[in-house]
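Enquirer: turn this into a structure:
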Amino acid sequence: MSDIYPIAVPKWGIEMVEGTITAWNKAPGDSVAKGDEVFEMESDKIVNVWDSPVDGVLRRILAEEGDAHPVGALLGVIAAAEVDDTAIDEFIASFAGTPAEQQPEAAEAPTATTAGATDANKRSSPSVRKLAQELGVDLNAVTGTGRRGRITEDDVRAAGSDITATADDVEIIPLSPTRKTIAKRLTEAKQQIPHFYLTVDFELDGLLAHREALNAAGDTRVSVNDLIVWCVAQALIKEPRVNVNLVGDDVHQFRDANISVAIATDDGLYPATLRKAQTLSPAEIAVAIAAFAEKTRAGKLAKEDITGGSFTVSNLGMFGVSNFTAIVNPPMGAILALGKGEPRVVVRDGEQTVATMVSATLSCDHRVIDGAVGAQFLKVLGEEIGALG
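Expert: Just a heads-up that it's a prediction; the model follows:
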C-alpha cells in the first residue's frame, strides 16, 4: 500500500448519495489487514460492510456512529505505523472534498474525546449525546450495548423511557437512519418529479373466483395482491411504455417486468424487487413475496433485493384503505396504489347489481410517461384482471 490510505464513503449503487455510519469495527490504533471489516454503513435502507483493501493501522476516525456523510467524504485514515501524525494531518487537510469540520483540528480528536471528557462521552456519538440531553438522561448511568460498550440511541431511549421529554408530555423520537433516507428521497421525489394521477375501478369477482380455485388445487396460498401483481406483470409486457426508469437524460425501457412490491415495516416501506415477474406463476409470486417479507422482518434484505425495479405496486387494502395516491419511487416512472376490494352497487346492462370493486391509482412521472400512455396501461391491466373470470 502507499503510506497513507483514505477511508471515504463508497458509492454502493447508482442512487446512493450519502451513507450513515452504523458501527466502527476497528478503533484508532488497531491493526488492519486486507479484507478486515472496518465499518458498517447504512444507505438506501441497506447496511453495507466496508472491507479494507489494504494492510496498515487505523490511524484516524473522522466520522461518528450515527452521522451521515456524502459519497466521497473522508471518514478515516489507514496508514503504516511509521507514518508520523503531521503527515497524516497534511493528508487530511489536502484530501479533496473533506469538509471543514473534518480538517486536522477535528482529526486530533478522532474518538470525540476532549480534555476532561467523561467515559460516557468517549463511548457515544454526538447524536446520542444530543438525544440524551433532550430526554434528560445521564449518560454516565447508561450501560452501552453497542460494539466495545458504545452507547446507542436505543440505550438512551430505554434509559429515558420514564422521563418526560417536554412539559406537554411529548415524546421526542429522532428519525432512524432508515427514516432519514426515506424522508430525504421522498421529499426530493415529490419536489422534483412532475406527478400526475389516474384512478380507475376494477371488478374483482372473476379474480376472486380464480383465487379460490388456485387455493383449492394447490398447497401455496395465493392472495388477492399476488394475483394483481401477476396481472400487472402481464400488462407491463403488453404496454412497456410504463415499464421504465429515468436515468439522467435517458429512458430505460425494460424488457422484463421487474416489479417492486412495497413491504410495510415499522421502519418504513421496503420495495422488494420481483425480477422477471411475467415468467412467474401466481403461486411462485406468493412464495417470493412471502420470502421477501420474512427477510425484511429479519433485517436481511440485500442490496440486490431492493434495486433494479422497473415498476412499483403498493397495496394498503389489507389495512382497510379504500384508495390513496403514492409517490413515484425514482428512478422508476410509475407506481400503482391499490385499496381494498369491497362490494359496491354497479350498473350492468342497465340493471343494478353488486360487484366486488377495487380502486387503483396510477402515479406517473410526466417526464417519461404521458397521460394517454398511463391510461392505456390501466386499460390493459383491467383486461388482464377481467380475463381471470
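Enquirer: helix or strand: which one has Thr22?
Expert: Using DSSP states H and E, Thr22 sits within strand 18-24.
Enquirer: which strands or helices does that strand pack on?
Expert: Where contact means 3 or more CB pairs under 8 Å, 6 or more residues apart in numbering; DSSP states H and E, strand 18-24 is packed against strand 37-43, strand 68-70, helix 177-192. The way it works is simple: take the backbone N, C-alpha and C, and place the C-beta from them, glycine included.
Enquirer: if you average pLDDT over the very next helix or strand once past the shortest one, what comes out?
Expert: Moving toward the C-terminus from strand 68-70, the first helix or strand encountered (DSSP H and E) is strand 74-79. Per-residue pLDDT values across strand 74-79 average out to 94.
Enquirer: hmm, who's touching strand 74-79?
Expert: 1, 3-9, 21, 32, 38-39, 52, 54, 56-63, 69, 87-88, 91-92, 95, 97-98, 102, 107, 110 (CB atoms under 8 Å, 6 or more residues apart in numbering).
Enquirer: before we move on, back to that, out of the helices and strands packed on strand 18-24, flag the one nearest Ile327.
Expert: helix 177-192 (5.3 Å; CB to CB).
Enquirer: against which helices or strands is the closest one packed?
Expert: With contacts defined as 3+ CB pairs under 8 Å, 6+ apart, helix 177-192 has these neighbours: strand 18-24, strand 37-43, strand 268-274.
Enquirer: can I get the first one in PDB, CA atoms only?
Expert: This points to strand 18-24. C-alpha atoms of strand 18-24 as PDB (Å, rounded to 0.1, in the frame of the first residue of the first chain):
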ATOM      1  CA  GLU A  18     -24.800   9.600   1.200                       C
ATOM      2  CA  GLY A  19     -24.400   7.000   3.900                       C
ATOM      3  CA  THR A  20     -24.800   6.800   7.700                       C
ATOM      4  CA  ILE A  21     -22.100   5.100   9.900                       C
ATOM      5  CA  THR A  22     -23.800   2.500  12.000                       C
ATOM      6  CA  ALA A  23     -20.700   0.900  13.600                       C
ATOM      7  CA  TRP A  24     -16.900   1.100  13.600                       C
END
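Enquirer: give the pairing partners of that strand; include direction for each.
Expert: Using DSSP bridges, the strands paired with strand 18-24 in its sheet are strand 37-43 (antiparallel), strand 68-70 (antiparallel).
Enquirer: most neighbours per residue, which of the ones you listed?
Expert: Most buried of the strands paired with strand 18-24, by mean neighbour count (mean count of other CB atoms under 10 Å): strand 37-43, with a mean of 20.
Enquirer: ok, Leu269 to Pro53 distance?
Expert: Plainly put, Leu269 is 34 Å away from Pro53 if you go by CB to CB, to the nearest Å.
Enquirer: and these two? Which one has more around it.
Expert: Between Leu269 and Pro53, counting by other CB atoms under 10 Å, Leu269 is the more crowded of the two (19 against 12).
Enquirer: how far away is the more buried one from Ala73?
Expert: 27 Å.
Enquirer: need the pLDDT of the nearest residue to Gly371 once chain neighbours are set aside.
Expert: Distance criterion CB to CB, 6 or more residues apart in numbering; nearest residue to Gly371, sequence neighbours excluded, is Phe196 at 6.3 Å. What the model reports as pLDDT for Phe196 is 97.
Enquirer: name the residues that touch the helix or strand encompassing Phe196?
Expert: According to DSSP H and E, Phe196 maps onto strand 195-203. Contacts to strand 195-203, defined as CB under 8 Å, 6+ apart, come from residues 323, 325, 327-328, 344, 346, 355-366, 371, 374-375, 378, 381-382, 385-386.
Enquirer: in that strand, what counts as buried?
Expert: Buried residues in strand 195-203, counted by 16 or more other CB atoms under 10 Å: 195, 198, 202-203.
Enquirer: how is this structure carved up into domains?
Expert: Annotated domains of the chain cover 4-107, 119-174, 193-386 [automatic domain parsing].
Enquirer: identify whichever of the ones you listed lies nearest to Ala183.
Expert: Going by CB to CB, the one of these nearest Ala183 is domain 193-386, 9.1 Å.
Enquirer: how far off centre is that closest one?
Expert: Centroid displacement of domain 193-386 relative to its chain, using CA atoms, centre = their mean, to the nearest Å, is 19 Å.
Enquirer: make CSV out of the helices and strands packed on strand 18-24 and add mean pLDDT and distance to Leu208.
Expert: CSV is the format used below for the helices and strands packed on strand 18-24 (pLDDT from 0 to 100; distance: least, CB to CB, whole Å):
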stretch, mean pLDDT, distance to Leu208
strand 37-43, 88, 41
strand 68-70, 85, 46
helix 177-192, 82, 33
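Enquirer: any chance of the ones you listed in a markdown table, plus distance to Ala79?
Expert: Formatted as a markdown table, those follow (distance: least, CB to CB, whole Å):
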| stretch | distance to Ala79 |
| --- | --- |
| strand 37-43 | 13 |
| strand 68-70 | 20 |
| helix 177-192 | 29 |
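Enquirer: before we move on, the earlier item: any idea which of the strands paired with strand 18-24 gets closest to Lys295?
Expert: When these are compared by CB to CB, strand 37-43 sits nearest Lys295, at 16.2 Å.
Enquirer: ok, then the element right after the closest one?
Expert: Moving toward the C-terminus from strand 37-43, the next helix or strand (DSSP H and E) is strand 46-51.
Enquirer: how about low-confidence regions in the stretch 201-350 of the chain?
Expert: 267 (pLDDT under 70).
Enquirer: and the helices in it?
Expert: Counting by DSSP state H, counting those that start in this stretch, the stretch 201-350 of the chain has helices at residues 205-217, 224-238, 282-297.
Enquirer: of the ones you listed, which stretch is the most buried?
Expert: helix 224-238 (a mean of 22).
Enquirer: packing partners for the helix or strand that the strand holding Thr22 is followed by?
Expert: Per DSSP H and E, strand 18-24 leads on to strand 31-32 as the next helix or strand towards the C-terminus. Using 3+ CB pairs under 8 Å, 6+ apart, the elements in contact with strand 31-32 are strand 56-61.
Enquirer: check which strands are paired with the strand it packs on and give the direction for each one.
Expert: Using DSSP bridges, the strands paired with strand 56-61 are strand 31-32 (antiparallel), strand 74-79 (antiparallel).
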